[in-house]
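**Student:** need a structure here:
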Amino acid sequence: TYPSAFESTNRSVKLEGEGFFTVQKDPARPFYVNTTNIAVKVLGTVFNVKSYPDENVIETTLLSGSVEIYGEPGTGRNLLDEKPAAVLNPNERSIYHKGSQAKFQPANLVVERLDDAESYIAWKDNILKFDNEKFGGVVRKLERWYGVEIELRYPGIVNERFSGQFDQETLEQALTAMTFTEPFSYSINKNKVIVYKKY
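**Tutor:** Coordinates of the predicted model:
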């Protein structure tokens, strides 16, 4: 969500879900992306923020420029006197684990270097991509991508890792391709998918 007109001192938006941003530099008016637990402060850069209510992490991936991660949403203030919890350089990603605490916990924030930052923003080009990701995370991506609900009746598959890239493939084609990595069975009934162990 965003205002019809930005304030004179800052440009601030609230995000629930995933957003890709290209921000024009304006030192007099920093750009903020506010999520439930963190604020991302930007002067001018290209980056991605992922913050879904049903996921326990908030991810910020930086492609160019730099961003500062703060512990609380920055709506209505410039955060000038506050120290950022992290500063990202290009091809870095911050991961904040929400945990059970409502208040920001600095120890729950980690920053990692990425070999391929582009793979984390492939969705904006209508490409579903995952690289060595646990099936539990893949399921959430498949549900959002194809608009389905997936029920796992094969608990042993949750921690198996998968890599793949899909753009024009149907859900059935994507699932079938994944069975070559870890054999499993599935059934599709309208918007409901059930994953079984293959016997």
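
**Student:** Buried ones in the helix or strand of the chain with the lowest mean pLDDT, by neighbour count?
**Tutor:** Ranked by mean pLDDT, DSSP states H and E, the weakest helix or strand in the chain is strand 128-134, scoring a mean of 87. Residues 128, 129, 130, 133 are the ones in strand 128-134 that count as buried (16 or more other C-beta atoms under 10 Å). In this view, the C-beta of every residue, glycine as well, is placed from N, C-alpha and C.

**Student:** Over to stretch 168-187?
**Tutor:** 171, 174, 175, 178, 184, 186.

**Student:** quick one on the thing from earlier: figure out how far the least confident helix or strand of the chain is from the centre of its chain.
**Tutor:** 12 Å (C-alpha atoms, centre = their mean, to the nearest Å).

**Student:** so who does the residue nearest the centre of the chain touch?
**Tutor:** Centroid-nearest residue in the chain: residue 50, 2.9 Å away (criterion: C-alpha atoms, centre = their mean). Counting by C-beta atoms under 8 Å, 6 or more residues apart in numbering, residue 50 touches 17, 18, 58, 59, 60, 61.

**Student:** Follow the chain on from whatever helix or strand it lives in and name the next helix or strand.
**Tutor:** Secondary structure assignment for residue 50, by DSSP states H and E: strand 45-51. Remark: after strand 45-51, the chain's next helix or strand is strand 57-64, criterion DSSP H and E.

**Student:** Show me what whatever helix or strand comes next after that next one is packed against.
**Tutor:** As assigned by DSSP H and E, the chain's next helix or strand after strand 57-64 is strand 67-70. Under the contact definition 3 or more C-beta pairs under 8 Å, 6 or more residues apart in numbering; DSSP states H and E, strand 67-70 sits against strand 39-42, strand 86-88.

**Student:** Strand 67-70: how far from the chain's middle?
**Tutor:** Centre-to-centre, strand 67-70 and its host chain are 16 Å apart (C-alpha atoms, centre = their mean).

**Student:** Let me see the residues that make contact with it.
**Tutor:** Residues contacting strand 67-70 (C-beta under 8 Å, 6+ apart): 38-42, 45, 47, 60, 79, 82, 84-88, 94, 96, 109.

**Student:** switch to 7 Å and redo it
**Tutor:** By C-beta atoms under 7 Å, 6 or more residues apart in numbering, the surrounding residues in contact with strand 67-70 are 38-42, 45, 47, 60, 79, 82, 84-88, 94, 109.

**Student:** quick revisit: so which pair among the buried residues of stretch 168-187 is furthest apart in space?
**Tutor:** 171 and 184 (14.3 Å; C-beta to C-beta).
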